[in-house]
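Asks: mind looking at a prediction? Sequence and model below.
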Amino acid sequence: MRALLRLHTPAAACALAASAALASSASSEPSAAGRPLFRFGVIADIQYCDCDDASNFAGTEIRKYRGTLEQTRRAVEHWNALREPSAACILNLGDIIDGQNAGGYGAGLTFDGPQSEAALGRVCGALSACKAPIYHAVGNHELYNFDWAGLRARLQMPEAGSVVTEGGSDAAGADAAAALRPVSWQPCKGWTFVLLNAYAVSMEQPRALPGYRAAAELLQRHNPSCYEAVVAGREGRHRVRTRGAFSEGCRCRPP
């Protein structure tokens, strides 16, 4: 998975990493009155695509691509029904649609054209019914379908719900640097959520940004053959460019 979420409390800091699809709600320790201080929902790897069910690459499980849309709607209904307290925020930990929507592999090869816009629109439509603000992390499947600037613009549209994205921009200069900084918010007094960009250092960053150059230098230093293949555009099936790392700017300390 590509998102790391840090939750800071006055006494301690804990980290939550998500790697499997889920839709759940969580709360902090009960208050003195026995009522949770706040609740938040989590969803990851929706990977929606209007295509038939199929196995994963390893052949170990069946993925129901169309069914994920209904599961998303059910998750939203669950979050909206939470009371005392209601959900303070929702975390989408990435891969909101499947890479096949881009038409480059899998069922996408039979599409008349890319389905990225339609797929994202359907999922955002389901999420827009959520009453709580939604915070999005960016995964590799989003990057199969959109560039950074396009993805951020689409996730910030009103029809996507009340959203905040972390991630990059293809702009240059200070605006691009600001876009790569961690996103933080406080759902409750004494709690701070920090959402980091796990693609801050990545070959998927626009070439003009420091994150791309840092990734290229890292590859050249530690894996020259892979560097030559990626930079020269000769990636084989055994090399995947959509992986990333946290940058030095992602370092943070509890407030």
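Replies: Sure thing, it's come through. Numbers count the residues shown, from 1 in each chain.

Asks: quick one: what helix or strand has Glu70 in it?
Replies: According to DSSP states H and E, Glu70 maps onto helix 67-81.

Asks: helix or strand with the lowest mean pLDDT in the protein?
Replies: Comparing helices and strands within the chain by mean pLDDT, DSSP states H and E singles out strand 13-17 as the least confident, with a mean of 32.

Asks: show me where the protein has helices.
Replies: Here the chain has its helices, by DSSP state H, at 67-81, 116-127, 140-145, 148-155, 174-179, 210-222, 224-231.

Asks: contact partners of the second one?
Replies: By that I understand helix 116-127. Contacts to helix 116-127, defined as C-beta atoms under 8 Å, 6 or more residues apart in numbering, come from residues 46, 48-50, 69, 72-73, 76, 90, 92, 96-98, 101-102, 134, 145-146, 154-155, 157, 159-161, 163. For every residue, glycine as well, the C-beta is placed using N, CA and C.

Asks: any of the residues you listed buried? List them.
Replies: Among those, those scoring as buried are 46, 48-50, 69, 72, 76, 90, 92, 96-98, 101-102, 134, 145-146, 154-155, 160-161, 163 (criterion: 16 or more other C-beta atoms under 10 Å).

Asks: could you report the neighbour count for Leu82?
Replies: 18 (other C-beta atoms under 10 Å).

Asks: what score does it have for pLDDT?
Replies: Listed pLDDT for Leu82 reads 95.

Asks: which stretches of the chain have low pLDDT?
Replies: In the prediction, the chain carries residues with pLDDT under 70 at positions 1-33, 157-181, 227-255.

Asks: now do 80
Replies: Within the chain, the stretches with pLDDT under 80 are 1-34, 149, 156-182, 204-205, 223-255.

Asks: ok, the closest residue to Asp53 other than its chain neighbours to Leu219 distance?
Replies: The spatially closest residue to Asp53, leaving aside those adjacent along the chain, is Lys64, at 5.0 Å (C-beta to C-beta, 6 or more residues apart in numbering). Lys64 is 36 Å from Leu219, where distance means C-beta to C-beta, to the nearest Å.

Asks: ok, now Ile90?
Replies: For Ile90, the distance to Leu219 equals 35 Å [C-beta to C-beta].

Asks: and for Val42?
Replies: Taking C-beta to C-beta as the measure, Val42 falls 32 Å from Leu219.

Asks: cool, Gly150 as well?
Replies: Distance of Gly150 to Leu219, given as C-beta to C-beta: 25 Å.

Asks: neighbour-wise, which of these two wins?
Replies: For Gly150 versus Leu219, neighbours defined as other C-beta under 10 Å are more numerous around Leu219 (19 against 14).
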